[in-house]
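Engineer: how would this look folded up:
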Amino acid sequence: MANLRVNVTLKEINNFGKCWIYVTNGMCVNAQDELVFLLKSVDSDNKYVPRQVIYHIMDIYEKSSKGYRVSYMNHMLYNYDNEKLFAEILDKNSQSFINSSNTLLNNKNNSGFFYFRPTKMHLEMSLKNMGKILPQEPYLIGYLIQKWEVPWAKLLPLRLMLRLGEQFESYPCPIVSDYDRKPVYGEIGHSIMSLLSDIRNFQYTIPQIDGINIILDGLNTLISIPESQYDLLMKSMLTSNDYVFCFASLQINEHVRSYLIAAENENLDSYSSKKVNFNGKESQKTGACFVVFNGAFKKNATQNAKQTMVEDGLMIHIDYDTMTKLKQALQSMQPFRIECSKLEHDHVINIEWSSGDKYLSRNVFSIIDGRSLQGVKNLRLANSIEYKQPKGSKAIKWSQIYLIKADEEAQIDESSFNLQKFIEIFSSGCCVALSPMLNNIEDAYKNFAGIKHFEPFRVGVRVEINKDQVGYCIGMCGQVLNESDVMESMDNNLVQILHQVNAAHVNLLLEFIFYVHDRSHLPYKRK
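Structural biologist: This next block holds a predicted model:
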């Protein structure tokens, strides 16, 4: 765990008092997002850092090195089995920290953490004054959940997220964990999810597709599906039966401030639909978590179809012929329209395909010059080769790539250009060029970040190749680096690689992210 650091800060947060803030640095070595935890203070004197959060971080780091990673809208239970081992790593005299009662943060009902990406609302309000503490996007926030909430974290995480937001009046959900709060759900009871998911063994759940939006707008309903998610939608459709077809959203729609919430009834064994306006104002547009198409409806003199609210989702009743036509339209990636009333056209359900991938890389900006990377596909690299500094303890490795522009036609023309091979060669060339210059790059980073001590950091290289331009730039902290020695080393190693590409037949814009760390640093640090 030599690459992992955890910075811990005690900070006053409105409405919560003193809070512990844990921020990781080094998770990206294992292709894992950096993590942030905000925890309401467990004791009044704040003499000791609650170490169980650090043990949990160490557990994630270890598992991510073996290929099991935590992603957004995911969760991980606390691992009591390795607690003693992690405590010994941090402190040889750690017997006083060992938890013999298997309780997490002084509450036996706490089970683990639910992970999500901060939304624009979080960044503009709750996290507004924490810019110097937080890592650069993308990162995940871990929120403490209780044992009764774990089933919903498995079955329908968006339901849990929005219910937490409604309970604590924070849109779309709170970010500060309270170790001693009450759960927002009890036993599952009677829910439509018992028909759509395996609520006992969790072997299958309702298909949850990133980027899908289900919006009620007055009497009309719009279901928007990204074209890039066609394969996932087809998989869910082919595994459905003839009369029932369903899917759910994975993330919230940040442009909607009103959502349907699944609220437990007083007897705690069933749920009802509740519309919540998170901004306190009445909104015409309301989001839903899932949709179910039921093909057993029988048309009558006034209705072709019927739509009802079920918990935090929609049930659309259509006849079997309409269900068949709907599936055919989706398979052909065609829009589909359902007019519910035969008498008036005031209630319409539209299913549309969207060409953009705006759900990707939300609120992410380039570390080179600050340009928005929203909608850009990115890949994380695990177990990439580490290039050590020739004389010194620092090292650099390739950790991520953003495919800003990578035309598919470039891979089938007469130049026989191979994108994957080019990416591998160019990333290796960057590491070879930058590894001898790490002291220069470190000095530039300290200057850009306004710090005096070393801390692991990321540096970006953007390469552009097309018929009009061939070139690259390097930067960090949102600023381009023009240090002459660094650029000379880059030129010596990269120009030859670029000259081998036939720019007349290629249209590329790629951003490579590299991680720089000091191998001599300890894995744990408290600010």
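
Engineer: who are the neighbours in contact with the spatially most central residue of the chain?
Structural biologist: Most central in the chain under C-alpha atoms, centre = their mean is Tyr72, positioned 3.5 Å from the mean C-alpha point. Contact partners of Tyr72, counting by C-beta atoms under 8 Å, 6 or more residues apart in numbering, are Asp33, Tyr115, Phe116, Arg117, Leu140, Gln251. The way it works is simple: take the backbone N, C-alpha and C, and place the C-beta from them, glycine included.

Engineer: Tell me the confidence at it?
Structural biologist: Looking at Tyr72, its pLDDT stands at 93.

Engineer: Let's verify it: helix, strand, or coil?
Structural biologist: coil (DSSP: H, G, I helix; E, B strand; the rest coil).

Engineer: which residue lies farthest from the center of the protein?
Structural biologist: The chain, farthest from centre, C-alpha atoms, centre = their mean: Ala301 at 47.1 Å.

Engineer: any idea how far Val432 is from it?
Structural biologist: 76 Å (C-beta to C-beta, to the nearest Å).

Engineer: Can you tell me which of the contacts of Tyr72 is nearest Ile425?
Structural biologist: Asp33 (26.9 Å; C-beta to C-beta).

Engineer: which ones are touching that closest one?
Structural biologist: Asp33 touches Met27, Arg69, Val70, Ser71, Tyr72, Pro138, Tyr139, Leu140, counting by C-beta under 8 Å, 6+ apart.

Engineer: Name every sheet partner of the host helix or strand of Cys246 and say whether each one runs parallel or antiparallel.
Structural biologist: Using DSSP states H and E, Cys246 sits in strand 244-249. Taking DSSP bridges as the criterion, strand 244-249 forms sheet pairs with strand 208-209 (parallel), strand 290-294 (antiparallel).

Engineer: right, and Arg257 touches Thr286 too?
Structural biologist: No: Arg257 is beyond contact range of Thr286, at 9.2 Å (criterion: C-beta atoms under 8 Å).

Engineer: related to what we said a few turns ago, ranking the strands paired with strand 244-249 by burial, who's on top?
Structural biologist: strand 290-294 (a mean of 23; mean count of other C-beta atoms under 10 Å).

Engineer: Distance of the residue nearest to Arg117 when sequence neighbours are not counted relative to Asp319?
Structural biologist: Here the nearest residue to Arg117 in space, its sequence neighbours aside, is Tyr72; by C-beta to C-beta, 6 or more residues apart in numbering that works out to 4.7 Å. Shown here: Tyr72 relative to Asp319, a distance of 38 Å by C-beta to C-beta.

Engineer: I'd say Leu373 and Ser361 touch.
Structural biologist: Yes: if you go by C-beta under 8 Å, Leu373 and Ser361 touch, sitting 4.7 Å apart.

Engineer: Which neighbours do those two have in common?
Structural biologist: Joint contacts of Leu373 and Ser361 (C-beta under 8 Å, 6+ apart) are Tyr402.

Engineer: average model confidence for the helix or strand encompassing Phe514?
Structural biologist: Assigned by DSSP H and E, Phe514 belongs to strand 508-518. Strand 508-518 shows a mean pLDDT of 93.

Engineer: Sheet-wise, list the partners of that strand with their directions.
Structural biologist: Strand pairing (DSSP bridges) places strand 508-518 next to strand 394-406 (antiparallel), strand 457-465 (antiparallel).

Engineer: Tell me which of those strands is the most buried.
Structural biologist: It is strand 457-465: most buried of these by mean count of other C-beta under 10 Å, with a mean of 22.

Engineer: Please state the offset of that strand from the chain centre?
Structural biologist: Counting by C-alpha atoms, centre = their mean, to the nearest Å, strand 457-465 is centred 22 Å from the centre of its parent chain.

Engineer: again, but for stretch 489-503
Structural biologist: 34 Å.

Engineer: and what of stretch 335-342?
Structural biologist: Counting by C-alpha atoms, centre = their mean, stretch 335-342 comes out at 34 Å from the chain centroid.

Engineer: Show me what the mean pLDDT comes to for it.
Structural biologist: 93.

Engineer: Render the CA-only coordinates of that stretch in PDB, please.
Structural biologist: This file holds the C-alpha atoms of stretch 335-342, laid out as PDB (Å, rounded to 0.1, in the frame of the first residue of the first chain):
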ATOM      1  CA  PRO A 335     -38.600   6.600 -31.600                       C
ATOM      2  CA  PHE A 336     -41.900   5.400 -30.400                       C
ATOM      3  CA  ARG A 337     -45.100   7.300 -29.400                       C
ATOM      4  CA  ILE A 338     -48.000   6.000 -27.300                       C
ATOM      5  CA  GLU A 339     -51.200   8.100 -27.100                       C
ATOM      6  CA  CYS A 340     -53.100   7.000 -24.000                       C
ATOM      7  CA  SER A 341     -56.500   8.600 -24.800                       C
ATOM      8  CA  LYS A 342     -58.600   7.900 -27.900                       C
END
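
Engineer: neighbouring contacts of that stretch?
Structural biologist: So stretch 335-342 is contacted by 301-307, 316, 318, 322, 325-326, 329-330, 345, 347-353 (C-beta under 8 Å, 6+ apart).

Engineer: What ranges does the stretch 201-350 of the chain have for its helices?
Structural biologist: Counting by DSSP state H, counting those that start in this stretch, the stretch 201-350 of the chain has helices at residues 230-238, 320-331.

Engineer: can you list the ones you listed in a markdown table and add distance to Cys173?
Structural biologist: What follows is the helices of the stretch 201-350 of the chain, written out as a markdown table (distance: least, C-beta to C-beta, whole Å):
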| stretch | distance to Cys173 |
| --- | --- |
| helix 230-238 | 24 |
| helix 320-331 | 31 |
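
Engineer: Can you say which of those helices is nearest to Pro436?
Structural biologist: helix 230-238 (43.8 Å).

Engineer: Packing partners of that closest one?
Structural biologist: Secondary-structure packing of helix 230-238 (3 or more C-beta pairs under 8 Å, 6 or more residues apart in numbering; DSSP states H and E): strand 208-209, strand 244-249, helix 320-331.

Engineer: hmm, who's touching the last one?
Structural biologist: The reference is to helix 320-331. With C-beta under 8 Å, 6+ apart, helix 320-331 has contacts from 225, 233-234, 237, 242-243, 245, 293, 295-296, 304-305, 318, 335-336, 338, 351.

Engineer: hmm, 7 Å instead?
Structural biologist: With contact meaning C-beta atoms under 7 Å, 6 or more residues apart in numbering, helix 320-331 is reached by Leu233, Met234, Met237, Tyr243, Phe245, Phe293, Gly295, Ala305, Phe336, Ile338.

Engineer: Top of those residues by number of neighbours, please.
Structural biologist: Phe293 (26 neighbours; other C-beta atoms under 10 Å).

Engineer: which one is it nearest to, not counting chain neighbours?
Structural biologist: In space, Phe293 is closest to Phe245, 4.5 Å off (C-beta to C-beta, 6+ apart).

Engineer: What ranges in the protein fall below the confidence cut-off?
Structural biologist: Applying pLDDT under 70 to the chain flags residues 1-2, 92-100, 280-281, 408-416, 521-527.
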